[in-house]
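S.K.: here's my sequence, what's the structure:
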Amino acid sequence: MAFNINPKTHLLEPACFMPSPHYDDRPRDMSITLLVIHNISLPPGQFQGKYVDDFFLDRLSSEAHPYFKTIEHLRVSSHLFIRRDGEVVQFVPFHQRAWHAGESMFNGRERCNDFSIGIELEGTDDQPFEDQQYEHLAQVTRCLLTHYSTIPQKNIVGHSDIAPNRKTDPGPYFDWKRYHRLITE
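M.R.: Numbers count the residues shown, from 1 in each chain. Predicted structure coming up:
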């Protein structure tokens, strides 16, 4: 699959776009210089449902699962979500600030949401990711690095790298060597 970023809409094509209300404007004249890889599953450890979409779209019912009561106050989004089967969904246009990093710091700069793009992989810290996820993540990454030449490859990090006391994702099962090999092929 060939991915492309539409320069007018700032959307990844041919990804499905589901606009999240959880975003705002980036600070004026802020360059995108960071790519952050995450993982998420809702409920934790369960895949292939609609709950991650509902969470990012602010329509997750706290009654649908006991865990959801613990996160109902959160307002979270990501630019992209890559499902277990490799499907890519976009929730926030790249020129907007998605709310994925929270309290964070990279190279002495706080508020990583201001200057980053967030990609969520459907997964957990304790299970391997799927081949299709790596393939599409690498294709999307190559597209982003071409479109946003302000992101050096060394600025591709995990959520755990920018919020080490709070976050552990994408976790020990994320194969960074494989991912880096795929983005340079």
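S.K.: any weak-confidence spans in this structure?
M.R.: Across the chain, nothing is flagged by pLDDT under 70.
S.K.: surely residue 114 meets residue 27?
M.R.: Yes. With contact defined as Cβ atoms under 8 Å, residue 114 reaches residue 27; the gap is 5.4 Å. To be clear about C-beta, it is placed using only N, CA and C from the backbone, and glycine gets the same treatment.
S.K.: between the two, which one's more packed in?
M.R.: Between residue 114 and residue 27, counting by other Cβ atoms under 10 Å, residue 114 is the more crowded of the two (17 against 11).
S.K.: for the more buried one, helix, strand, or coil?
M.R.: The local conformation at residue 114, judged by DSSP: H, G, I helix; E, B strand; the rest coil, is helix.
S.K.: in this structure residue 13 contacts residue 7, no?
M.R.: No. Assessed by Cβ under 8 Å, residue 13 is found out of contact with residue 7, at 10.9 Å.
S.K.: phi first, then psi, for residue 177.
M.R.: phi -60, psi -40 (degrees, to the nearest 10).
S.K.: next one: residue 40
M.R.: Dihedral angles for residue 40 - degrees, to the nearest 10 - are phi -160, psi 150.
S.K.: roughly how far does it sit from residue 145?
M.R.: 23 Å (Cβ to Cβ, to the nearest Å).
S.K.: which one's more surrounded, these two?
M.R.: Between residue 40 and residue 145, counted using other Cβ under 10 Å, residue 40 has the larger neighbour count: 21 against 17.
S.K.: quick one, what contacts the more buried one?
M.R.: Going by Cβ atoms under 8 Å, 6 or more residues apart in numbering, residue 40 touches 52, 55, 78, 81, 120, 121, 122, 123, 169.
S.K.: helices - which of these land there?
M.R.: With helices defined by DSSP state H, the entries of the contacts of residue 40 inside them are 52, 55.
S.K.: so when I look at residue 178, I'm seeing a helix, right?
M.R.: Yes. Under three-state DSSP, residue 178 falls within a helix.
S.K.: what ranges do the helices span in the protein?
M.R.: For the chain, the helices defined by DSSP H cover 51-56, 131-147, 159-162, 176-184.
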